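Participant: give me a 3D structure for the following:
(one chain, ligands or ions: 1)
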Amino acid sequence: MQIIHTIHELREWRKNAGTVAFVPTMGNLHEGHLALVREAKKRAGNVVVSIFVNRLQFGQGEDFDKYPRTLQQDAAKLENEGVAVVFAPDEKELYPNVEQRYNVEPPNLQNELCGKFRPGHFRGVATVVTKLFNIVQPDAACFGKKDYQQLAVIKGLVEDLNINIDIVPVDTGRASDGLALSSRNQYLSEQERAEAPRLYRELRAIADAVRSGNLAYAVLEQTAAQRLGEAGWTVDYIEVRRADDLSVAHAGDKNLVILAAARLGGTRLIDNIEVHLG
Ligand code: PAF
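Facilitator: Model prediction:
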């Protein structure tokens, strides 16, 4: 496995590589990331994983500075998975100008759900992912469904900008108690960690109600938010949306996703569950 730090070297490697499946990450890899890598392996002869903590997608007061940087441990895990290349540029390599002059601006979806609470986040994601796509030039790229809105933004990006990359969604990895795997779980205290699976339980409760014919989405959303609030969470949102484009769901829609973001102490957790009605 090669660890490449510059765009030039990566491009040189790419000239002679066959098919490439790409997994963009911010490092601090857990089983959820490794599931993306395993899916990528099925799609192409070579897997490239990028590790880059992207300043552009963090807002003021967010965890950019404290985001764990663990390149050595990450590289060992990726070597084990048979990854061909780890692309780990430093900040100057990807952003040589202090100001990024050109940005990729997602449509209005970027201001909804998580975007409402993290202004500029999806512009930062779309911009860095476009740069990484242009550098790595993969045939396919894997994204976790845990970041469902991010996946929707990326799908829209490749469609609207005619980027010829197959976007592969990968199911959310979960701990045995249901908590979605996330690098941010390590910020939780022991007590918070024990409480954290409640988020997924509430999503499942809504999913079960919808499956059994309860289509009063607003009531279901409010009840779940209230219960989380009573258990000490600060709820950013909990909403039933259409799975394909994340537009507002209406009774009669068959393919839905229930998404939530809520904070436990200082840690913001997100999760979602898809519901496909027959
Ligand atoms: O999902 C992530 O880890 C990041 O948002 C991504 C896609 C690597 C872009 O920085």
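
Participant: let me know the pLDDT of the most centrally placed residue in the chain.
Facilitator: Geometric centre of the chain, nearest residue: residue 147, 3.2 Å, by Cα atoms, centre = their mean. If you check residue 147, the pLDDT there is 98.

Participant: quick one: contacts for it?
Facilitator: Counting by Cβ atoms under 8 Å, 6 or more residues apart in numbering, residue 147 makes contact with residue 270. C-beta: built from backbone N, CA, C; applies to glycine.

Participant: where does it sit relative to residue 217, distance-wise?
Facilitator: 22 Å (Cβ to Cβ, to the nearest Å).

Participant: repeat for residue 251
Facilitator: 8 Å.

Participant: which of the two has more neighbours?
Facilitator: Remark: of residue 251 and residue 217, residue 217 carries more neighbours, 21 against 7, as counted by other Cβ atoms under 10 Å.

Participant: grab the nearest non-local neighbour of the more buried one.
Facilitator: Of all residues not flanking residue 217 in the chain, residue 240 sits nearest, at 4.2 Å (Cβ to Cβ, 6 or more residues apart in numbering).

Participant: for the one you found, which three-state class applies?
Facilitator: Following DSSP: H, G, I helix; E, B strand; the rest coil, we place residue 240 in the strand state.

Participant: list the beta-bridge partners for it.
Facilitator: Taking DSSP bridges as the rule, residue 240 bridges to residue 258.

Participant: wait, it touches residue 215, no?
Facilitator: No. With contacts counted by Cβ atoms under 8 Å, residue 240 stays clear of residue 215, the gap being 9.1 Å.

Participant: who's more crowded, the two?
Facilitator: Higher neighbour count among residue 240 and residue 215: residue 240, with 22 against 16, using other Cβ under 10 Å.

Participant: tell me the pLDDT of the more buried one.
Facilitator: In this model, residue 240 is scored at 98, pLDDT.

Participant: contacting residues around it?
Facilitator: Going by Cβ under 8 Å, 6+ apart, residue 240 touches 206, 210, 217, 220-221, 249, 256-258.

Participant: now with 6 Å, please.
Facilitator: Contact partners of residue 240, counting by Cβ atoms under 6 Å, 6 or more residues apart in numbering, are 217, 249, 256, 258.

Participant: could you give the residue of the stretch 51-200 of the chain that lies closest to the ligand?
Facilitator: Residue of the stretch 51-200 of the chain nearest the ligand, by Cβ to the nearest ligand atom: residue 54 (4.0 Å).

Participant: count of residues packed around the closest residue to residue 255 other than its chain neighbours?
Facilitator: Leaving aside its sequence neighbours, residue 255 sits nearest to residue 243 (Cβ to Cβ, 6+ apart; 4.2 Å). The burial count assigned to residue 243 is 18, neighbours taken as other Cβ under 10 Å.

Participant: measure residue 243 to the ligand for me?
Facilitator: For residue 243, the distance to the ligand equals 19 Å [Cβ to the nearest ligand atom, to the nearest Å].

Participant: what does residue 30 give?
Facilitator: 11 Å.

Participant: so that it lines up with my notes, have the first residue be 37 from now on.
Facilitator: Happy to do that; since the first residue is 37 now, the last one works out to residue 66.

Participant: does that residue really touch residue 217, like I thought?
Facilitator: Yes. In this structure, residue 66 is within contact of residue 217 by Cβ atoms under 6 Å, at 5.1 Å.

Participant: burial of residue 108, as a residue count?
Facilitator: Neighbour tally, residue 108, other Cβ under 10 Å: 8.

Participant: hang on, the earlier thing: list the contacts for the residue of the stretch 87-236 of the chain closest to the ligand?
Facilitator: So residue 90 contacts residue 164 (Cβ under 6 Å, 6+ apart).

Participant: check what pLDDT it gets.
Facilitator: Residue 90 is given a pLDDT of 97.

Participant: residue 314 too?
Facilitator: 86.

Participant: same deal with residue 75?
Facilitator: Per the predicted model, pLDDT is 98 at residue 75.

Participant: which residues does the host helix or strand of residue 256 contact?
Facilitator: Element membership for residue 256, per DSSP states H and E: helix 253-266. Outside helix 253-266, the residues within contact range by Cβ under 6 Å, 6+ apart are 238, 242, 245, 271, 274-276, 298.
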